[in-house]
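Student: below is the structure, and that's it, no one-letter string:
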């Protein structure tokens, strides 16, 4: 003997999961995930559960539950008698969130079959890498005991991804290409902030990084420039994030960079250089020497010629005046 559970076609539930990370840039920022699922068009609904097992690179913050048509749902109400339409349980050991609708909540779902159930999960990113997440939606009591992927089991959302990586900077001499240690950099999310020196990005309490003996530094824990809200993006598109590097201290004997340097985060390998920046020597007067043969050299040469010409003209004019006076 065995039981057969038969559900009409309109009781089948589908679900999607999206990520909103376009406005964040560093580890510790909050990434928002939203699970949107159908309500089975049956009455009564004998069970409804949403499960989100977070990637270990995410730290759970909080969550909310709502219906897309704004039908009221109550949690921990102080009414008489008390009524709770759903429960939220987060298991830290497995990094898993479970939302269960109670009998009163399922009655509200049944009364709003065309609405979507929206579970919003806020979590912070704690480690670099590509973070993939899915969620499970169990549309009835029978599905609770069936594994994902099996007939009659929960709906599984398509994977959604957020990507986090590094800037790897290499500092070298503009002439010899020798590695330069001791250069200090800060990073900014906009060119305006970089020019003003305001709102430097701080990752894990650090807002400046120094090149090592090999001329390298790694700024780890920044959102990919070319990936936002779960999809690839290009320069100029919404969500694309350039990063602006500002040298706050030059290596000893070298001139400080005059302008911010724009770069991008597109990988996670801390050994792969993503941006190379050159420094020129500073002269005794403290200003940067122009590159040999460059426009700066010609400008200085032309300036010197003008100064000498002016001095010669002054000398000749003086002699003429003395001769006329005699």
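Tutor: Structure received. Not measured: the values here are computed from a predicted model.
Student: state whether residue 43 is indeed within a strand.
Tutor: No - counting by DSSP: H, G, I helix; E, B strand; the rest coil, one finds residue 43 to be coil, located in no strand.
Student: what count of nearby residues applies to the nearest residue to residue 189 once chain neighbours are set aside?
Tutor: Closest residue to residue 189 apart from its sequence neighbours, by CB to CB, 6 or more residues apart in numbering: residue 25 at 5.4 Å. All C-beta atoms are positioned from the backbone trio N, CA, C, and that covers glycine. Using other CB atoms under 10 Å, residue 25 has 20 other residues around it.
Student: residue 162 contacts residue 129, correct?
Tutor: No - under the criterion of CB atoms under 8 Å, residue 162 is not in contact with residue 129, lying 9.5 Å apart.
Student: neighbour-wise, which of the two wins?
Tutor: Set residue 162 next to residue 129 and count neighbours by other CB under 10 Å: residue 162 wins out with 26 against 14.
Student: the helix or strand where the more buried one lies packs against which elements?
Tutor: Per DSSP states H and E, residue 162 falls inside strand 160-173. Applying 3 or more CB pairs under 8 Å, 6 or more residues apart in numbering; DSSP states H and E, one finds that strand 160-173 contacts strand 15-20, strand 129-133, strand 216-223, strand 227-228, strand 243-249, strand 275-279.
Student: what would those look like in TSV with distance to residue 150 and mean pLDDT?
Tutor: Formatted as TSV, the helices and strands packed on strand 160-173 follow (distance: least, CB to CB, whole Å; pLDDT from 0 to 100):
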stretch	distance to residue 150	mean pLDDT
strand 15-20	16	98
strand 129-133	21	96
strand 216-223	36	98
strand 227-228	33	98
strand 243-249	45	98
strand 275-279	49	97
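Student: return the most buried member of these.
Tutor: strand 227-228 (a mean of 23; mean count of other CB atoms under 10 Å).
Student: pLDDT of whichever strand or helix holds residue 185, averaged?
Tutor: Taking DSSP H and E as the definition, one finds residue 185 inside strand 184-188. For strand 184-188, the mean pLDDT works out to 98.
Student: residue ranges with poor pLDDT in the stretch 1-150 of the chain?
Tutor: For the stretch 1-150 of the chain, the stretches with pLDDT under 70 are 1-12, 77-80.
Student: repeat that for 50
Tutor: Along the stretch 1-150 of the chain, segments meeting pLDDT under 50 span 1-10.
Student: strands of that one, residue ranges please.
Tutor: 15-20, 30-38, 49-53, 58-67, 86-91, 96-101, 116-125, 129-133, 136-138 (DSSP state E, counting those that start in this stretch).
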